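Visitor: The following block contains a protein sequence and its predicted model.
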Amino acid sequence: MDRDNNPRPSSMARYTRRRESMPGVLAELIRKMHSGGRIREAMAMAHWAEAVGPRAAQSSRAERVQNGVLHVCTKSAAWSQELSLHKVHILRAMNERVGKGVLTDIRFRASGFKAPPPPPEPEFIPTEQELAAHPPNPEEAAGIAAAIATIEDPKRRARVASALTHQINLRRWRLAHGWRACPICNSLYRGDGNRCQLCTITRRKAGG
């Protein structure tokens, strides 16, 4: 076959085609995250309160996972010291929930808690019934099934499937309530303009 007459599509072209299909985007995202353990790292944030108990959870917060290290902020130095004394036990409890060897260490930082962001405007928060009225179509449902197929643990697979379904439901609900899809990044936004705020700023800086 003549390669010159049949050039391979550029990486940007392949990305653009994948982005046009929601199931393709989901499958690619989950494949990359799961292969690198990033889904399980992200789940550590959700399991923190369960692993340390309600009392400690009120005085500490899992912030991020970086290179297998879970970073936790606490309300005071006393709480950092207290949790550090139980770090081995906490680390074992966390890995039992997110997967053996996912976390290698926990670091505590006494910095207090940042003020939570203001709640979204009420009209932007759909009820569960409203979300259920905008379910994934068959193609999107197939994409979710393909995306989670490599996750072996049934409970974890169900949680990821539920999260992806929620995101699709929310996207459909927003599109039905005045949100727009950015033609550049495909994210949803509200307000005037023909692209989202981030793409508008990026284009403006690039002189486009």
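Guide: Thanks, I have it.
Visitor: CA atoms for contacts and neighbours, from now on please.
Guide: Fine.
Visitor: Tell me where the protein has strands.
Guide: Taking DSSP state E as the criterion, the chain carries its strands at 60-66, 69-74, 105-110, 180-181, 188-189.
Visitor: angle of the longest one against strand 105-110?
Guide: Angular relation of strand 60-66 and strand 105-110 on a 0 to 180 degree scale: 130 degrees, by axes from the mean of the first three to the mean of the last three Cα atoms, to 10 degrees.
Visitor: returning to what we had before: how about JSON lines for the strands of the chain, with distance to Ile148 added?
Guide: Formatted as JSON lines, the strands of the chain follow (distance: least, Cα to Cα, whole Å):
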{"stretch": "strand 60-66", "distance to Ile148": "22"}
{"stretch": "strand 69-74", "distance to Ile148": "24"}
{"stretch": "strand 105-110", "distance to Ile148": "27"}
{"stretch": "strand 180-181", "distance to Ile148": "25"}
{"stretch": "strand 188-189", "distance to Ile148": "24"}
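Visitor: Tabulate those strands in JSON lines, adding columns for mean pLDDT.
Guide: Below are these laid out as JSON lines (pLDDT from 0 to 100):
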{"stretch": "strand 60-66", "mean pLDDT": "86"}
{"stretch": "strand 69-74", "mean pLDDT": "91"}
{"stretch": "strand 105-110", "mean pLDDT": "93"}
{"stretch": "strand 180-181", "mean pLDDT": "87"}
{"stretch": "strand 188-189", "mean pLDDT": "82"}
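Visitor: Pull the distance from stretch 179-196 to the chain's centre.
Guide: Relative to the chain's own centre, stretch 179-196 is displaced by 20 Å; criterion: Cα atoms, centre = their mean, to the nearest Å.
Visitor: I misspoke; the intended subject was stretch 86-94.
Guide: So, by Cα atoms, centre = their mean, the centroid of stretch 86-94 is 24 Å from its chain's centroid.
Visitor: in it, what counts as buried?
Guide: In terms of neighbour count (16 or more other Cα atoms under 10 Å), stretch 86-94 has its buried residues at Lys87, Ile90, Leu91, Arg92, Ala93, Met94.
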